[in-house]
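*Asks:* no sequence for this one, just the structure:
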Ligand SMILES: [Ca+2]
């Protein structure tokens, strides 16, 4: 009997040692020590509230582990607060840095000079040069689009600009501001700041509600562009086919309302629908599936509370006419850039949503089935980096940047 107990203890010790080892390197080669299947949620800290989710699986779903071997390698550490990353057709990466620069970076880690010709940004607080995207016709027109915090009369706005990347990549030609999310605010917070093309060749842009208690309710106002997704043409005009919102003076560029600070947007690879991450208050970070014309609730409904501990509004989490998040985190992870994984280099990642976490210091992998999250894994948490944005390269690998200045390549081993 003693021998059996001793054997079991040895086995458990060996098992624990193996688990620790796999936690301490970049490899996901856990297939031999974890057969997969149901396991505890990845979040183990106490929630901030006793609010109940609206449906099973809206928070703290079961933990999952990647069985295939994968690796997250640092390609360069020479970036300065990178905020946005996009893949160029030639395989290189175009990266926006918060202070107002863009650089082309090769997948082997060669960092180009600062690209000239970019209008100045206000980089105070959460502002600066933010998200960027490449024109679907880049091969013929070399156009790029970006979001930034702009100084205007009355404060700052989330603005959108476009320009042509010179043939030699050294400058932006003809930079033009095409859109401003009004009204201006005397705040350096909650700019939103992501931009993507939709399937009709128009732009979807996320804007924040600028954080102050006076601007926060404007996320519910259809006469302002704060706390919204706006859908505009490449000339900055309201896009044809936008939803109509009830209420006099509703802005024609609005696509969805009721967002707080959405720092991640991406189209789903098979449905084409827009998915979004947004920073909530304390305990209310969200993933939303955004459909045109709908209201996503902030600040009327939320699963979070004020950082002071007070409830927000009437302290409610559900209301008719307002959409529920697909998923939320309490405590928060501070979600920023997001992307869906397409392709099969790591087969179990196909169509999973990858979410950069700032305060969470990891990349969350969310398994999604029928528009619900069914599994969550934390990747690269051992790196202790504030992950800001992520994209998939033309080579099929994921590329992610961190506030500390790193660029990671994440791919099968
Ligand atoms: Ca919401």
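*Replies:* Okay, I see it. Just so it is clear, the model here is predicted, and its values are computed rather than measured.

*Asks:* can you verify residue 405 is assigned to a helix?
*Replies:* No. Looking at residue 405 with DSSP: H, G, I helix; E, B strand; the rest coil, it is coil, so not inside a helix.

*Asks:* what about it, neighbour count?
*Replies:* If you count neighbours by other CB atoms under 10 Å, residue 405 ends up with 15. C-beta coordinates here come from the backbone N, C-alpha and C atoms, glycine included.

*Asks:* do the same with residue 396
*Replies:* 14.

*Asks:* check contacts around it.
*Replies:* Residues near residue 396 by CB atoms under 8 Å, 6 or more residues apart in numbering: 343, 345, 411.

*Asks:* got those residues as JSON lines, with secondary structure columns?
*Replies:* Formatted as JSON lines, the contacts of residue 396 follow (three-state DSSP):
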{"residue": "343", "secondary structure": "coil"}
{"residue": "345", "secondary structure": "coil"}
{"residue": "411", "secondary structure": "strand"}
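
*Asks:* what strand or helix carries the closest residue to the ion within the stretch 251-400 of the chain?
*Replies:* The ion sits closest to residue 297 of the stretch 251-400 of the chain, with a gap of 3.9 Å, by CB to the ion. Applying DSSP states H and E as the criterion places residue 297 outside every helix and strand.

*Asks:* surely it meets residue 321?
*Replies:* No. Taking contacts as CB atoms under 8 Å, residue 297 lies outside contact range of residue 321: 9.1 Å.

*Asks:* these two - which one has more neighbours?
*Replies:* Set residue 297 next to residue 321 and count neighbours by other CB under 10 Å: residue 297 wins out with 26 against 9.

*Asks:* contacting residues for the residue lying closest to the more buried one once chain neighbours are set aside?
*Replies:* Leaving aside its sequence neighbours, residue 297 sits nearest to residue 322 (CB to CB, 6 or more residues apart in numbering; 4.0 Å). Contacts here follow CB under 8 Å, 6+ apart; on that basis residue 322 touches 258, 295-297, 300-301.

*Asks:* which of the residues you listed has the most neighbours?
*Replies:* Going by other CB under 10 Å, residue 296 tops the contacts of residue 322 with 28 neighbours.

*Asks:* what about the closest residue to that residue other than its chain neighbours, distance to residue 204?
*Replies:* Nearest residue to residue 296, sequence neighbours excluded (CB to CB, 6+ apart): residue 258, at 4.0 Å. For residue 258, the distance to residue 204 equals 16 Å [CB to CB, to the nearest Å].

*Asks:* now residue 258: phi and psi?
*Replies:* phi 80, psi 30 (degrees, to the nearest 10).

*Asks:* that one contacts residue 302, correct?
*Replies:* No. Using CB under 8 Å, residue 258 is not in contact with residue 302, being 10.0 Å away.

*Asks:* are any of the contacts of residue 396 buried, and which?
*Replies:* 345, 411 (16 or more other CB atoms under 10 Å).

*Asks:* need the contacts of residue 396 in a markdown table with pLDDT, can you?
*Replies:* As requested, the contacts of residue 396 are arranged in a markdown table below (pLDDT from 0 to 100):
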| residue | pLDDT |
| --- | --- |
| 343 | 86 |
| 345 | 95 |
| 411 | 98 |
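
*Asks:* closest one of the contacts of residue 396 to residue 106?
*Replies:* Distance to residue 106, by CB to CB, is smallest for residue 411 among the contacts of residue 396, at 15.5 Å.

*Asks:* isn't the closest one right up against residue 345?
*Replies:* Yes. Applying CB under 8 Å as the test, residue 411 and residue 345 come out as touching, 6.2 Å apart.

*Asks:* what's the overlap in contacts for these two?
*Replies:* Common neighbours of residue 411 and residue 345 (criterion: CB under 8 Å, 6+ apart): 396-397.

*Asks:* flag every residue of this structure that's near the ion.
*Replies:* Counting by CB under 5 Å from the ion, the chain comes close to the ion at 296-297.

*Asks:* now do the contacts for the residue of the stretch 251-400 of the chain closest to the ion.
*Replies:* Neighbouring residues of residue 297 by CB under 8 Å, 6+ apart: 258, 319, 322-324.

*Asks:* from residue 155, how far off is it?
*Replies:* Counting by CB to CB, the gap from residue 297 to residue 155 is 26 Å.

*Asks:* residue contacts, residue 86?
*Replies:* Taking CB under 8 Å, 6+ apart, we find residue 86 in contact with 93-95, 132-134, 144, 391.

*Asks:* switch the contacts of residue 322 over to CSV; also include distance to residue 79 and pLDDT.
*Replies:* Shown next, in CSV, are the contacts of residue 322 (distance: CB to CB, whole Å; pLDDT from 0 to 100):
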residue, distance to residue 79, pLDDT
258, 33, 98
295, 37, 98
296, 32, 99
297, 35, 98
300, 38, 98
301, 37, 98
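
*Asks:* now do the same contact list for the residue in the stretch 51-200 of the chain positioned nearest to the ion.
*Replies:* In the stretch 51-200 of the chain, no residue comes nearer to the ion than residue 54, which is 11.0 Å away by CB to the ion. Neighbouring residues of residue 54 by CB under 8 Å, 6+ apart: 317-318, 324.

*Asks:* got a PyMOL select line for the buried ones in these?
*Replies:* The following PyMOL line selects those of the contacts of residue 54 that are buried, judged by 16+ other CB under 10 Å:
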select buried, resi 317+324
